[in-house]
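A.B. asks: coordinates only, sequence not included:
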């Protein structure tokens, strides 16, 4: 079974323990991606956000023995507890009626065109600075980022700057203009 993992944020530049067999490629399916989640460490991270514009994602083949092993590997890399994998690790096998954790057109066609049998992705929900599982406003996110300091500020800025240049979202444009957090050379 050929299984891939989709990515759009830190997985691209920091896959850590993810058992991928080559670097991430830039021709994944288009998904609605935005900086819409405040992580526990203060970063504002990219997640699937149904209100966001469609952006081209990245993907890499995984070296795993099956779909459950792929879910396990991604869940562990993302530090998602096993009891949340069903909700926060998306998956789709070629021919399934619809993907888990979101309705995305074109996944089957994308899988078939690449000779893949299945795909997994991080499906963490949006979260506000107060920890509510909801889509935060851009103003909430900017206020949150402007109030960070120390290591939290460094991590937040690095995440935005290291996000691949091709991941151009409305929020990123505002972070760049208001905070000066432009992509790094490797981003």
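C.D. replies: Cool, the structure landed. Computed from a prediction, not measured in an experiment: that's the story for all the values here. Numbers count the residues shown, from 1 in each chain.
A.B. asks: pull the distance from the longest strand anywhere in the chain to the chain's centre.
C.D. replies: Counting by DSSP state E, the longest strand found in the chain is strand 30-38. Centroid separation between strand 30-38 and its chain, computed with CA atoms, centre = their mean, to the nearest Å, is 7 Å.
A.B. asks: and the contacts of that strand?
C.D. replies: Outside of strand 30-38, the residues within contact range by CB atoms under 8 Å, 6 or more residues apart in numbering are 6, 8, 44-57, 102, 104, 106, 121, 124-129, 131, 135-136, 141, 144, 160, 167, 169-172, 175. Every C-beta, even on glycine, is put in place using the N, C-alpha and C of the backbone.
A.B. asks: go through it and flag the buried ones.
C.D. replies: 31-38 (16 or more other CB atoms under 10 Å).
A.B. asks: tell me which of these is nearest to residue 21?
C.D. replies: Nearest to residue 21 out of the buried residues of strand 30-38 is residue 31 (CB to CB; 22.1 Å).
A.B. asks: remind me, longest helix of the chain?
C.D. replies: When the chain is parsed with DSSP state H, its longest helix is helix 150-162.
A.B. asks: let me know the angle separating it from strand 30-38.
C.D. replies: With axes from the mean of the first three to the mean of the last three CA atoms, to 10 degrees defining the directions, helix 150-162 sits at 170 degrees from strand 30-38.
A.B. asks: next helix or strand past helix 150-162?
C.D. replies: Heading C-terminal from helix 150-162, the first helix or strand you meet, by DSSP states H and E, is helix 170-179.
A.B. asks: check contacts around residue 8.
C.D. replies: The contact partners of residue 8, taken as CB under 8 Å, 6+ apart, are 28, 31, 33, 46, 55, 57-58, 163-164, 167.
A.B. asks: if you set the cut-off to 10 Å instead, what comes out?
C.D. replies: The neighbourhood of residue 8, defined by CB atoms under 10 Å, 6 or more residues apart in numbering, consists of 24, 28, 31, 33-34, 45-48, 55-59, 121-122, 163-164, 166-167, 169.
A.B. asks: put the buried members of those into a ChimeraX selection.
C.D. replies: For anyone working in ChimeraX, the buried entries among the contacts of residue 8, judged by 16+ other CB under 10 Å, can be selected with:
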select :24,28,31,33,34,45,46,47,48,55,57,58,59,121,122,163,164,167,169
